[in-house]
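**Q** Sharing a model prediction with you, sequence too.
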Amino acid sequence: MSSNLAHQIEDPDDNFDLGGFDLNLLLVLNALLRFRNLTHAGKELQLSQPATSRALIRLRQMFNDDLLMRGNRSFELTPLAKALAPKVEAALGNISTIFNGRIQAPERFSVAMPDHLGLLLVSNLSGYFREVSPTTVFIPVVGLSNVISQMEDGRIDLVLGIADDTPQAFFCRSLPPVPTVCLSREGHPAANGKIAYSDLGQFLSLRISSTYNTGFGEAYDGLEALRPRGRQTLTVPDIHTAARLVQETDAILVLPVPSARFLAQRYGLETFVPLKGVKPAPYQISMVWHERWHRNGIHAGVRSMIASYILEG
């Protein structure tokens, strides 16, 4: 290596042939600069003192500088060595980051989802991040308004919904269909299941506002396809308002089994499936994410956890 090595390290714009440099010497150089002692540096690197001395000789030749000078009781760093110390430490830190395989934890992770899925997932996702990535701030976004464009600019990391059309650079994974059930108050005339699904339209039908207010290229929650068609339809703002109306009226609400069970337990409701005729359609939803997160291990873990929890309840 030429005596211009020090200048080349100081000036990164100069051409520098890494092929002619033994990168193992960076470890020796870093230890020598930190300990200023051949014995202690060799001990850390598990090198004998003669081997450490030979490495120091090579480094002195390469940098055309003594690097370490004998003082009264110990070695002292030359001015060049003092200038090199932080650069060598930073270089080794960068190399370690490249090869150690650790996943960079995101500062925050935002998931947009329908409110009925939020009931099931928010606490579990919070626990997941506390365990796997405690430095990540988990941000649940309940609702699917304008979420595709928010994913494009990085404000949202994952969307749970149905997207009929997504731009390039997005991944969309459809989860297997989940069975659905009807939700009603206790003692409802249809709760025994003897009224066919096609006849449930005689009762009040509930529509949650986020289910139908969609535009081209947007995501929606898919509940509208499950709603019994009837003469009376009432639009409500959220799943809890819907549950209270089911509790106090003859309204019927059709939901995926995990969400229906959660609401039935919380509000004292009944779940049933019509015993004759066409059964309620299954519920299918997708996970949508930008390609920038496709190979991130933490993101993949979130997707896997969500999929298993939605499918298994």
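**A** Yep, it's here. None of these values were measured; they are calculated from a predicted model.

**Q** mean confidence for the lengthiest helix in the chain?
**A** Of all segments of type helix in the chain, defined using DSSP state H, the longest is helix 79-99. Summarised as a single mean, pLDDT over helix 79-99 is 78.

**Q** Identify all contacting residues around that helix.
**A** 6, 9-10, 23, 26-27, 29-30, 33-34, 63, 65, 67-68, 77 (CB atoms under 8 Å, 6 or more residues apart in numbering). C-betas here are computed from N, CA, C, even on glycine.

**Q** wait, what's in contact with residue 298?
**A** Taking CB under 8 Å, 6+ apart, one finds 103, 105-106, 109, 132-133, 136 in contact with residue 298.

**Q** From these, pick the one nearest residue 239.
**A** Nearest to residue 239 among those, counting by CB to CB, is residue 109 at 23.0 Å.

**Q** Name the next helix or strand following the lowest-mean-pLDDT helix or strand in the chain along the chain.
**A** Using mean pLDDT, DSSP states H and E, helix 5-10 stands out as the lowest-scoring helix or strand of the chain, at a mean of 46. Helices and strands here follow DSSP states H and E; after helix 5-10, the next one along the chain is helix 24-35.

**Q** Could you list every helix and strand in contact with that following helix?
**A** Contacting helix 24-35 under the criterion 3 or more CB pairs under 8 Å, 6 or more residues apart in numbering; DSSP states H and E are the following elements: helix 38-45, helix 49-63, helix 79-99.

**Q** Mind putting those helices into a markdown table with distance to residue 176 and mean neighbour count?
**A** What follows is the helices and strands packed on helix 24-35, written out as a markdown table (distance: least, CB to CB, whole Å; neighbours: other CB atoms under 10 Å):
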| stretch | distance to residue 176 | mean neighbour count |
| --- | --- | --- |
| helix 38-45 | 54 | 17 |
| helix 49-63 | 60 | 16 |
| helix 79-99 | 38 | 13 |
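
**Q** ok, the nearest residue to residue 231 once chain neighbours are set aside - contacts?
**A** Taking CB to CB, 6 or more residues apart in numbering, and ignoring the residues beside it in sequence, residue 231 has residue 201 as its nearest neighbour in space, at 6.8 Å. The neighbours of residue 201, taking CB under 8 Å, 6+ apart as the test, are 228-231.

**Q** returning to what we had before: could I get the helices and strands packed on helix 24-35 in a markdown table, plus columns for distance to residue 268?
**A** Below are the helices and strands packed on helix 24-35 laid out as a markdown table (distance: least, CB to CB, whole Å):
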| stretch | distance to residue 268 |
| --- | --- |
| helix 38-45 | 67 |
| helix 49-63 | 76 |
| helix 79-99 | 54 |
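
**Q** Could you point out which of the ones you listed sits nearest residue 142?
**A** helix 79-99 (36.0 Å).

**Q** For this protein, give me the ranges with low pLDDT.
**A** Scanning the chain with the threshold set as pLDDT under 70 gives 1-21, 72-73, 96-104, 210-217, 313.

**Q** can you do 80?
**A** Across the chain, the stretches falling below the confidence threshold (pLDDT under 80) are 1-24, 71-75, 91-106, 164-167, 209-217, 230-231, 276-277, 311-313.

**Q** Tell me where it has helices.
**A** 5-10, 24-35, 38-45, 49-63, 79-99, 115-132, 147-152, 239-248, 257-267, 297-312.

**Q** Let me have these in TSV, adding distance to residue 289 as columns.
**A** Compiled in TSV, the helices of the chain are given as follows (distance: least, CB to CB, whole Å):
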stretch	distance to residue 289
helix 5-10	41
helix 24-35	38
helix 38-45	43
helix 49-63	48
helix 79-99	24
helix 115-132	14
helix 147-152	7
helix 239-248	24
helix 257-267	22
helix 297-312	7
